[in-house]
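**Student:** Sequence and predicted structure below; questions after.
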Amino acid sequence: MTLLGDLAELARTVPPESTQQAVGYPSLFLLVVLGSLVPVVPTGALVSSAAVVAFHHASPFGLLMVFAVASSAAFLGDVGLYALGRRGSHSPQGSRWLARLRARAAPERLARARLRLRQHGVLVLVLSRLVPAGRIPVMLACLLAAMPLRRFVRGDAPACLAWAATYQLIGLLSGSLFRSAWQGVVAAIVVTMVIAVAPAAWRRVGPTRDGHGT
């Protein structure tokens with residue numbers, strides 16, 4: 001949350017003409033790559049916030065750059081993580097990467113991901129990028145199925161494009177609702193956080209409701 005708070009504060013305090021330069025496309029690229037490799041950085045919120053800033057600058061080029069930078073960075077991070085995972089499945093030295101992926105995937109989610117991968121193939125990669133906490137189980141399922149890197153790349157490329165477009169759209173909608181960029185950034189952060197926690201909250205409420213109904 002500290003990183004998200006810093007983004008909102010930056011958009012509120014920095015003059016509009018220099019906000020884009022202060023955040024910067026290189027920073028966005030590096031943070032999205034990092035978030036793809038180490039899934040603790042809220043990359044969706046970063047993309048939405050950058051889209052808000054570009055929207056308030058009335059810059060079509062800026063919006064295009066946000067989309068290009070976000071999608072390419074997500075793709076690079078995914079491919080890098082998958083390559084490390086494949087290395088871990090073939091060598092003891094790289095096994096720690098595979099172990100970290102396993103630790104981030106709940107057994108039941110991994111089981112569902114493996115079933116869907118068998119049923120739908122690489123198409124499931126597109127949905128995995130759009131569903132909160134869905135990317136790692138599907139990636140791990142691909143690794144356990146010994147999917148070649150080339151085939152993973154073919155499925156992950158459209159997944160990253162769809163992901164970047166979705167979170168940029170959230171930023172555009174948030175930015176259009178407010179006259180100030182910092183307000184749009186806060187709205188985008190709230191929306192992305194709700195999207196991130198909603199599935200987990202629903203899974204916790206679901207069993208309780210079922211229990212009350214029996």
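**Tutor:** Thanks, I have the structure now.

**Student:** By average pLDDT, which secondary structure element in this protein comes out worst?
**Tutor:** Here the helix or strand of the chain ranked lowest by mean pLDDT, DSSP states H and E is helix 16-23, holding a mean of 47.

**Student:** Please enumerate the helices of this protein.
**Tutor:** Using DSSP state H, the helices of the chain run over 2-13, 16-23, 25-37, 43-56, 60-90, 95-104, 107-120, 123-130, 135-144, 149-177, 181-213.

**Student:** Determine which stretch of the ones you listed is the most buried.
**Tutor:** helix 43-56 (a mean of 28; mean count of other CB atoms under 10 Å). C-beta: built from backbone N, CA, C; applies to glycine.

**Student:** Using CSV, write out every CA atom in it.
**Tutor:** Extracted in CSV, the C-alpha atoms of helix 43-56 (Å, rounded to 0.1, in the frame of the first residue of the first chain):
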residue,chain,number,x,y,z
THR,A,43,1.2,-3.8,-11.4
GLY,A,44,-2.5,-3.3,-12.4
ALA,A,45,-2.7,-0.2,-10.2
LEU,A,46,0.5,1.1,-11.7
VAL,A,47,-0.8,0.8,-15.3
SER,A,48,-4.2,2.3,-14.4
SER,A,49,-2.5,5.2,-12.6
ALA,A,50,-0.2,5.9,-15.5
ALA,A,51,-3.3,5.9,-17.8
VAL,A,52,-5.0,8.4,-15.6
VAL,A,53,-2.0,10.8,-15.9
ALA,A,54,-1.9,10.4,-19.7
PHE,A,55,-5.6,11.0,-20.0
HIS,A,56,-5.4,14.2,-18.0
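
**Student:** Give me the angle between it and helix 149-177.
**Tutor:** Interaxial angle of helix 43-56 relative to helix 149-177 (axes from the mean of the first three to the mean of the last three CA atoms, to 10 degrees): 50 degrees.

**Student:** Mind giving me the packing neighbours of helix 43-56?
**Tutor:** Helix 43-56 makes packing contacts with helix 2-13, helix 16-23, helix 25-37, helix 60-90, helix 149-177, helix 181-213 when contacts are defined by 3 or more CB pairs under 8 Å, 6 or more residues apart in numbering; DSSP states H and E.
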